[in-house]
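*Asks:* Take a look and give me a structure for this.
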Amino acid sequence: MALKVAVLDDYQGAAEEYFRALGEEFQVTYFKDTLLPYNHPGTPQSVRDELAHRLEQFQIICTTRERTPFPAELVERLPNLKLLLTNGSRNLALDLDAFKKKGITVASVMDIPPVGYTPIVDATTEHILTLIMALSKNIAGDDASVKSGGWQTGFSTGLSGKTLGLVGLGRLGAATAKMLHAAIGMRVIAWSPNLTQDKANEQARAAGFAVTQADGRPTFESVSREDVFSKADVVSVHLVLSDRSRGLITADDLRRMKPESFFVNTSRGPLVVEDDLIDILKQGRIRGAALDVFDIEPVPADSPWRTTAWGKDGRSQVLLTPHTGYVEHATIKSWYKRQVEEILRWKNGEELAMRLA
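*Replies:* Numbering: from 1, shown residues only. This next block holds a predicted model:
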């Protein structure tokens, strides 16, 4: 009997090109839609049951990042599952203890290095820069105006020499700081619960900058939570989602922002109290926001985000992308290629390259 394989959240329909190589020993089903997260408090029990029913027949499930979370309760409802494959260096949406308890193998794959060139930054960092520049220059609004018969709709905002405020100065935060400081001379300030000036200096040094500038100020300056929101012209979020960081950014933080400032989140939606952010933007209290991540993904059809009213009648500008910061053609296809390779290794009893459980 053929092993049943589920390929989840294949939005672009790119998986079949690779999974057809599995042959007749495997029966592959592709899902291009994503049901509401099993563990989200707003998900009805009927949808939880639908997700469990959808997946209960499969021996192998292939996921893409955190698009479909697997909490313990869902894992318990999958009696046939033997192997789950994800991708990337980590997936915090998987309850690995629950998989271990049931003896289910969990492994991940990394993308295949490109041939003929060496990227200096990753896709997510490029996406962050694109969102910041597109928002400040009103690219989406002007594009829509021209296409619909209009012309200029407002003003752009220059960022050269202004202040970039980072909530989190880890790998992605530091890469964003490096690009915007080097390219357009933005001053960099940062805050996170554990950030110190010594750590900020280490990141500046690793980015190839002197620790201090000619005026004596730190190149990457560790500041208070209040200052990162009140002094920055662009606030960009770069934190890992955890129980401690969930809902960390609230209306109190957002109200401190300058009226002409921008808020950018490419990390995880639940880091921000979404209703607070929506209220701030509806009131037009800041110039605009660019988001690649949301509290629930995909964004529900009745979500307040799904409107063309942003930027009108006193509302802030809003630029939205559907969590595509990492969705490069070569990356996604290489993940599928490697998942197929790992399935064959597992079937043949061979060691998996990046086992998680």
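*Asks:* residue nearest the centroid of the protein?
*Replies:* Geometric centre of the chain, nearest residue: residue 267, 4.6 Å, by Cα atoms, centre = their mean.
*Asks:* Please report how far that residue lies from residue 292.
*Replies:* 9 Å (Cβ to Cβ, to the nearest Å). Placement of C-beta: from N, CA and C, glycine included.
*Asks:* What of residue 112?
*Replies:* The value you get for residue 112 to residue 292, if Cβ to Cβ is used, is 24 Å.
*Asks:* Have a look at these two and say which one is more surrounded.
*Replies:* Neighbour count, other Cβ atoms under 10 Å: between residue 112 and residue 292, residue 292 has more, with 24 against 13.
*Asks:* Other residues contacting stretch 202-213?
*Replies:* Contacts with stretch 202-213, where a contact means Cβ atoms under 8 Å, 6 or more residues apart in numbering, come from 169, 174, 177, 178, 181, 182, 201, 218, 219, 220.
*Asks:* Export these as JSON lines, with columns for distance to residue 55, neighbour count and secondary structure.
*Replies:* Formatted as JSON lines, the contacts of stretch 202-213 follow (distance: Cβ to Cβ, whole Å; neighbours: other Cβ atoms under 10 Å; DSSP: H, G, I helix; E, B strand; the rest coil):
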{"residue": "169", "distance to residue 55": "38", "neighbour count": "26", "secondary structure": "coil"}
{"residue": "174", "distance to residue 55": "38", "neighbour count": "23", "secondary structure": "helix"}
{"residue": "177", "distance to residue 55": "41", "neighbour count": "27", "secondary structure": "helix"}
{"residue": "178", "distance to residue 55": "41", "neighbour count": "22", "secondary structure": "helix"}
{"residue": "181", "distance to residue 55": "46", "neighbour count": "19", "secondary structure": "helix"}
{"residue": "182", "distance to residue 55": "46", "neighbour count": "12", "secondary structure": "helix"}
{"residue": "201", "distance to residue 55": "48", "neighbour count": "19", "secondary structure": "helix"}
{"residue": "218", "distance to residue 55": "50", "neighbour count": "20", "secondary structure": "strand"}
{"residue": "219", "distance to residue 55": "49", "neighbour count": "20", "secondary structure": "coil"}
{"residue": "220", "distance to residue 55": "44", "neighbour count": "29", "secondary structure": "strand"}
